[in-house]
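Asks: sequence and predicted structure, then a few things I'm wondering about:
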Amino acid sequence: MSDAQFPSGQWFGFYTYSGHSRRYLMDLVLEFKNGRMTGHGSDGIGPFIISGIYHADNGECSWAKQYVGRHAVDYKGYRETKGIWGTWSITHSKGGFHIWPLGEGGCLARTEAEQTEPAKQAQPAIHQTVRRS
């Protein structure tokens, strides 16, 4: 693996809750430099800031997704040929995620086709899950 596998720029993806197949979309702008990962983005919950680390030698990465004025979510993942896959956790909730650079858009069409409802409609359910935590 190399730093080239962690391109800075626009990324796209989704997260899921454990035990559920529904995908919640997210957009990110990430910068990877000297083992540090920073950025920002938004999803159905709201805007967030990213701060973490990555290891170009083995593909491992971890970061905090801090919602502006709200809670933080911990992410741990691994970079492979189709993006970064992994898990997220917050208090008593957890799930999985997959993100990829926008240039690797082959996954984009598949994600859009598999999406059962618009992400905005998911917002109340996400807020209820987070508040119970």
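Replies: It's in. It should be emphasised that the depicted structure is a prediction, and the values quoted were computed from it without experimental measurement. Numbering: from 1, shown residues only.
Asks: quickly list what residue 15 is bridged to.
Replies: Using DSSP bridges, the beta-bridge partners of residue 15 come out as residue 24, residue 97.
Asks: look up the pLDDT of it for me, please.
Replies: Confidence at residue 15, expressed as pLDDT, is 97.
Asks: so how far is residue 103 from it?
Replies: For residue 15, the distance to residue 103 (CB to CB, to the nearest Å) stands at 21 Å. The C-beta positions use only the backbone N, C-alpha and C, and glycine is treated the same way.
Asks: compare these two (neighbour count), which wins?
Replies: Neighbours per residue (other CB atoms under 10 Å) separate residue 15 from residue 103, with residue 15 holding more: 23 against 10.
Asks: list the buried residues in stretch 63-70.
Replies: Residues of stretch 63-70 classed as buried: 63, 65-67 (neighbour count, 16 or more other CB atoms under 10 Å).
Asks: extract the C-alpha trace of it and format it as PDB.
Replies: The C-alpha coordinates for stretch 63-70 follow below in PDB (Å, rounded to 0.1, in the frame of the first residue of the first chain):
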ATOM      1  CA  TRP A  63     -10.700   8.800  13.000                       C
ATOM      2  CA  ALA A  64     -13.300  10.800  14.900                       C
ATOM      3  CA  LYS A  65     -16.300  12.100  13.100                       C
ATOM      4  CA  GLN A  66     -17.300  15.100  15.200                       C
ATOM      5  CA  TYR A  67     -20.700  16.500  14.400                       C
ATOM      6  CA  VAL A  68     -20.700  20.300  14.700                       C
ATOM      7  CA  GLY A  69     -22.200  21.200  18.100                       C
ATOM      8  CA  ARG A  70     -23.100  17.600  18.800                       C
END
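Asks: which residues does that stretch contact?
Replies: Among residues not part of stretch 63-70, those counted as contacts by CB atoms under 8 Å, 6 or more residues apart in numbering are 37, 45-53, 72-75, 88.
Asks: quick one, which of those residues are buried?
Replies: Among the contacts of stretch 63-70, those classed as buried by neighbour count (16+ other CB under 10 Å) are 37, 45, 48, 50, 52, 73, 75, 88.
Asks: export the buried residues of stretch 63-70 as JSON lines, with columns for distance to residue 95 and secondary structure.
Replies: Below are the buried residues of stretch 63-70 laid out as JSON lines (distance: CB to CB, whole Å; DSSP: H, G, I helix; E, B strand; the rest coil):
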{"residue": "63", "distance to residue 95": "15", "secondary structure": "strand"}
{"residue": "65", "distance to residue 95": "12", "secondary structure": "strand"}
{"residue": "66", "distance to residue 95": "17", "secondary structure": "strand"}
{"residue": "67", "distance to residue 95": "16", "secondary structure": "strand"}
